[in-house]
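Visitor: Dropping the sequence and predicted coords here.
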Amino acid sequence: MARGFPRRPKEGDFSSPLRSAAVAARVGLWLGVCFGIAFLTGLYSHFSQDTPPWLTLPTRPVNLYRWTQGLHVLAGTAAVPLLIVKLWTVYPRLFARFPAGRRDLVLTGLERGSIAILGGGSIFQLMTGLQNTAQWYPWRFNFRGTHYAVAWITIGALLVHIAVKLPVIRAAFGSDVEARQPSDRAVTAERSAGLSRRGLLRATWLASGVAVLTTAGIAVPALRRVSVFGVRSGSGPQDLPVNKSARAAHVTARALDPSYRLELRNGNTVRRLRRDELLALPQAARTLPIACVEGWSASARWSGVQLRDLLAIVGSSADVDLVVRSLQVGGAYSVMDLPANFVRDDDTLLALGLNGEDLSIDHGFPCRIIAPARPGVLQTKWVASIEVAR
Ligand SMILES: Nc1nc2c(c(=O)[nH]1)N[C@H]1C(S)=C(S)[C@@H](COP(=O)(O)O)O[C@H]1N2
Ligand SMILES: [Mo]
């Protein structure tokens, strides 16, 4: 009846001795390291953007977010070749027979279920993460919320997987890479004709290293020239890249309007200041990075007014949470919460100048927020109002 259809493969059909516990465990270890780094730096990034009231995040070192987010993107990038090799190594197991006994069947079902979640979650995280670094959003769901939720699911499945496989992992690391393990059931050939397991591992590390080097220019200026996959080139007005231009944010007319006033609000006390009045206040200059969640970052020299001087005008101390609104209407970045420890910080400025010039419109003219150790998404451009949170 089934003539003409290819038969379903069996595990034993895949006979490459490169597919082995020895290779799977070694690639898996580095994959686990990358996932661990991405998970921890991801948590930090998520809580930076959505800080619960009980959490106070550090304002130093000023490059903190720059480094954690650079690491996040690089760990994910390094993981791509590792995941491909890992999946190639183990996928014949998909065709393994289910055992006969009921207990074994349940255990095998659970094991394969956790692997399905782990595999699906890993592919989803790396794909959406990479697409995000390329600013390509071909989906309808909220990126950050989904990437965060799937991260927990994937890490959970990873821990289950490591626990289940611990005996195999131990045995694999306990002996030579080329040695045959009892778990290498499918292997029929003693050695493969061409590539050795060591050779495969070397090629995998190399692929991973090349992926990192060709992306690292987003965060490490010295590598910008070899960074063919780094999406941000480092160009832009005033030697700083632009993520969203004034035109794209539809703020050009309002930002250039001569009747522009910055609104300061503390309860019922409201003051409105022109840009030249802001320039007449004491000015401070700081070197601080823009560190985009997409991974690219760049340092710049900012000048402007410290928030405490602005708050004094409306009779407030600097020991308050602020709500900052942009001239931009709608969009995720038009309103930003600034916790008190960032408000108090000497380095947090309402910037009016950049790299020795007036702030250009694409960098946030008439004024923008720049604070240390914060994600780029919170460095609000085209500020309309600053209000003491109640
Ligand atoms: N109002 C507003 N502010 C914004 C954005 C935006 O889209 N709208 N983009 C943010 C993002 S994602 C980054 S990385 C920085 C980039 O600042 P730059 O264009 O001056 O380099 O601005 C932030 N401020
Ligand atoms: Mo960003």
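Guide: That came in fine, so what should we check first? Ligands and ions are numbered 1, 2, ... in the order given.
Visitor: I figured residue 350 was touching residue 382, is that so?
Guide: No: using Cβ atoms under 8 Å, residue 350 is not in contact with residue 382; the gap is 11.9 Å. C-beta coordinates here come from the backbone N, C-alpha and C atoms, glycine included.
Visitor: Quick check: neighbours shared by the two?
Guide: residue 368 (Cβ atoms under 8 Å, 6 or more residues apart in numbering).
Visitor: give the contact list for the residue of the stretch 251-390 of the chain found nearest ligand 1.
Guide: Relative to ligand 1, the nearest point of the stretch 251-390 of the chain is residue 376 (2.6 Å; Cβ to the nearest ligand atom). Residue 376 sits next to 243, 290-293, 297 when contact means Cβ under 8 Å, 6+ apart.
Visitor: Residue 324 should be in a strand, yeah?
Guide: Yes: assessed by DSSP: H, G, I helix; E, B strand; the rest coil, residue 324 belongs to a strand.
Visitor: Quick check: the gap between it and ligand 2.
Guide: In this view, residue 324 and ligand 2 are 16 Å apart by Cβ to the ion, to the nearest Å.
Visitor: Also residue 337?
Guide: Per Cβ to the ion, residue 337 is found 17 Å from ligand 2.
Visitor: which of the contacts of residue 376 are close to ligand 1?
Guide: 243, 290, 292 (Cβ under 6 Å from any ligand atom).
Visitor: The host helix or strand of residue 336: which residues count as buried?
Guide: Using DSSP states H and E, residue 336 falls within strand 335-338. For strand 335-338, a neighbour-count test (16 or more other Cβ atoms under 10 Å) marks 336, 338 as buried.
Visitor: Stretch 79-86 too?
Guide: By 16+ other Cβ under 10 Å, the buried positions in stretch 79-86 come out as 79-83, 85-86.
Visitor: thought residue 105 was touching residue 97?
Guide: No: assessed by Cβ under 8 Å, residue 105 is found out of contact with residue 97, at 10.7 Å.
Visitor: Among the contacts of residue 376, show me the least confident.
Guide: Least confident by pLDDT among the contacts of residue 376: that is residue 243, with 89.
Visitor: who wins for neighbours among the contacts of residue 376?
Guide: residue 291 (29 neighbours; other Cβ atoms under 10 Å).
Visitor: Please report phi then psi for that residue.
Guide: When read as degrees, to the nearest 10, the backbone of residue 291 gives phi -120, psi 100.
Visitor: now do the one 10 residues further on
Guide: Here is the backbone geometry of residue 301 (degrees, to the nearest 10): phi -100, psi 120.
Visitor: pretty sure it contacts residue 356?
Guide: Yes: using Cβ under 8 Å, residue 301 is in contact with residue 356, at 6.9 Å.
Visitor: more neighbours, the two?
Guide: Taking other Cβ under 10 Å, residue 301 and residue 356 do not tie; residue 301 has more neighbours (16 against 9).
Visitor: what does the protein put close to ligand 2?
Guide: When proximity is defined by Cβ under 5 Å from the ion, the chain lies next to ligand 2 at 243, 292, 376-377.
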